[in-house]
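Participant: Have a look at this prediction, sequence included:
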Amino acid sequence: MIRPLTTSVLLNHVARRQISHFITTPIFYVNSAPHLGHLHTLILADALNRHHKLKADDDDECIFSTGTDEHGIKIQIAAQTNNLTCKELCDRNSLLFSNLVKINNTTVSDFIRTTDEKHTNVVRKVWAELDAKGYMYKKQYSGWYSNSDECFVPDIQTTKQVIDGKEVRLDSSGNTLTWSEEDNYMFRLSAVQDDILRWLKEKKPVVPEKFNDDAIQMLEGNLDSDISVSRPVKRLSWAVGVPSDLEQSIYVWLDALCNYLTVAGYDTGSLRRWPIDCQVIGKDILKFHAIYWPAFLSALSLPLPKKLICHSHWLVDSIKMSKSKGNVVDPNKEIDVLSREGMRYYLLRASTTHSDNDYARSTAIARINAELADTYGNLLTRASGFKINPDQIMPSRWSGSIESSQAIELIERLSQLANTCDKHYESADFYKGIDEIMAALRLINVIFTEQQPWSLVKRRDSDEDSKIRHSDVLALTFETLRICSILLQPVIPDLTNTALSKMNVNQRKFSDAIYSLTKNGSPIDDNRLQSSKTEALFQKVKC
Ligand code: MSP
């Protein structure tokens with residue numbers, strides 16, 4: 001029977017390196033090439049990691065892991081269809097994902113493959129520990145299995161349909177199911193379900209909360225049932241074998257979830273950092289991460305993740321992207337058209353975690369042209385041009401000569417912006433943070449146009465008022481651009497780097513994004529623009 005929970009020995013050995021944060025993405029199936037949904041998960045996690053780094057000390061190290069999920073029936077079938085061995089298919093497609101990680105210049109620190117020996121050792125070790133603690137038992141198991149989702153589907157969630165004169169069973173997404181009747185090892189989920197329920201109810205780890213509620217509902221709707229964690233080798237050969245039973249393979253989800261432990265160094269007996277601070281997942285894999293994963297951890301006596309960020313899906317014409325429906329968007333093609341930064345911006349700008357969003361290239365182009373090229377980039381180009389700014393300076397004082405309501409509102413907004421963005425970014429609501437930033441940038445654009453610095457500059461030598469106002473427009477414009485650029489770093493890291501360098505801004509931490517124009521600043525404190533030629537920050541994308 002189950003041994004009492006003890007604090008894992010591993011925790012006594014948590015490494016003493018300065019690792020301040022551990023963030024993960026799910027690992028991607030290698031049965032096909034990456035699509036836009038995969039890139040979305042990756043970019044969302046990257047933006048969260050970058051945000052964390054901007055708040056952490058410079059010498060803090062963060063773990064940001066991603067990788068590929070390479071075992072399972074799905075992979076076996078895809079390899080057969082492609083006339084490749086499983087290993088060949090995995091190598092080929094895993095490379096596509098690692099290229100996606102590189103091409104997008106992400107801050108990923110660890111790329112893991114579940115076929116790596118280091119990982120398979122961890123899976124076997126985890127199995128042996130769960131078994132030794134009494135969590136595994138063998139049982140005749142029967143049910144409808146989804147190869148596509150790699151899980152058994154409860155009877156009530158299936159529907160019958162006649163296709164080509166044959167009756168078939170389908171799951172809620174329309175995937176065909178296969179009937180399985182076999183010996184399986186079961187994991188005593190029922191023994192830890194109360195721990196998980198308490199964790200979900202008290203800590204509310206899943207963000208947004210509606211997904212936390214969904215997880216509670218899933219668990220409460222399935223109390224006292226255990227889960228199958230192995231399959232006969234004759235059905236599933238491309239998998240890690242059960243250590244003490246040559247006839248059984250370890251269930252791919254148990255295998256895949258262990259990737260987070262492999263990254264943490266479970267094989268070495270000393271965890272680099274634990275628990276995980278933040279796990280990004282799509283809503284389709286909520287059950288596995290909010291129920292199965294904490295159940296395995298609880299059984300291993302390891303602390304549960306602090307936060308699970310659960311996002312919704314990108315649809316095309318209101319249908320979820322999938323290969324079988326032929327509506328998959330290739331991220332590399334989109335990047336070729338929109339540019340890497342444009343693509344990233346749009347994914348974070350236009351998606352909401354709580355609801356699905358429709359992807360259309362034309363909408364993406366309109367959005368990035370309006371916001372990145374016009375509202376943001378064009379303002380920097382104009383304010384740094386020699387016609388408007390012949391001295392190439394960014395004044396450090398604000399004399400208050402522009403008394404418009406917009407200027408008052410803008411200064412108010414700038415004083416709050418870092419706090420507001422922090423709150424939204426922490427819950428992965430990047431669109432809300434960007435919305436606030438764009439509102440500030442639109443306000444300064446209005447002020448800039450109304451004040452006409454191109455006219456003020458011509459009068460400033462003969463008219464003191466024009467001189468002060470010219471200086472004030474530039475001061476407020478560059479202060480807005482500085483604060484917005486610092487806060488946009490997790491979203492568009494390359495563009496903001498160029499903009500901040502142009503403005504000679506070296507202090508780029510999140511805490512530097514505070515409004516700092518002063519009434520009494522002296523011209524000696526004025527900063528100078530970098531002397532390089534001013535080119536458009538973001539070239540408009542042509543349709
Ligand atoms: N291999 C499992 C995860 C195991 S983690 C221990 C898996 N892989 S996946 O390739 O199917 O999905 C990886 C991620 O991409 C998931 O977070 C999933 O939600 C996300 N997306 C897949 N399609 C998506 C969209 N259409 N839109 C947004 N993200 C989606 O599940």
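Facilitator: Here it is on my side, so go on.

Participant: What segments of the stretch 151-300 of the chain are helices?
Facilitator: 193-198, 209-220, 252-257, 259-264, 286-287, 293-299 (DSSP state H, counting those that start in this stretch).

Participant: Throw the ones you listed into a markdown table and include distance to the ligand, mean neighbour count and mean pLDDT, thanks.
Facilitator: The way it works is simple: take the backbone N, C-alpha and C, and place the C-beta from them, glycine included. A markdown table is the format used below for those (distance: least, CB to the nearest ligand atom, whole Å; neighbours: other CB atoms under 10 Å; pLDDT from 0 to 100):
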| stretch | distance to the ligand | mean neighbour count | mean pLDDT |
| --- | --- | --- | --- |
| helix 193-198 | 17 | 16 | 98 |
| helix 209-220 | 12 | 16 | 97 |
| helix 252-257 | 4 | 24 | 98 |
| helix 259-264 | 6 | 25 | 98 |
| helix 286-287 | 9 | 18 | 98 |
| helix 293-299 | 8 | 24 | 98 |
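
Participant: Walking through the stretch 51-200 of the chain, point out its strands one by one.
Facilitator: Shown for the stretch 51-200 of the chain, the strands assigned by DSSP state E, counting those that start in this stretch span residues 61-69, 110-113, 136-146, 151-153, 159-163, 166-170, 178-187.

Participant: which regions of the stretch 101-250 of the chain sit below the pLDDT cut-off?
Facilitator: Of all residues in the stretch 101-250 of the chain, none has pLDDT under 70.

Participant: which parts of it sit against the ligand?
Facilitator: With the criterion set to CB under 6 Å from any ligand atom, the stretch 101-250 of the chain never comes near the ligand.

Participant: Quick check: chain neighbours aside, which residue is closest to Glu129?
Facilitator: Spatially, and ignoring its direct neighbours in sequence, Glu129 is nearest to Leu300 (6.1 Å; CB to CB, 6 or more residues apart in numbering).

Participant: wouldn't that neighbour be in contact with Leu130 here?
Facilitator: Yes. At 7.0 Å, Leu300 counts as touching Leu130 under the criterion of CB atoms under 8 Å.

Participant: where does Ser20 fall, phi/psi-wise?
Facilitator: The phi/psi pair for Ser20 (degrees, to the nearest 10) reads phi -100, psi -10.

Participant: Does it touch Asp57 like I think?
Facilitator: Yes. Judged on CB under 8 Å, Ser20 makes contact with Asp57 at a distance of 7.3 Å.

Participant: Between these two, which is the more surrounded one?
Facilitator: Applying other CB atoms under 10 Å to Ser20 and Asp57 shows that Ser20 carries more neighbours, namely 17 against 9.

Participant: Please name the residues that touch the more buried one.
Facilitator: 52, 56-57, 60-62 (CB atoms under 8 Å, 6 or more residues apart in numbering).

Participant: right, and the helix or strand after the longest helix seen in the chain?
Facilitator: When the chain is scanned for its longest helix (criterion: DSSP state H), the result is helix 464-488. Counting by DSSP states H and E, the next helix or strand C-terminal to helix 464-488 is helix 493-502.

Participant: Pick the most buried one from the strands of the stretch 51-200 of the chain.
Facilitator: Ranked by mean neighbour count, these are led by strand 61-69 with a mean of 23 (mean count of other CB atoms under 10 Å).
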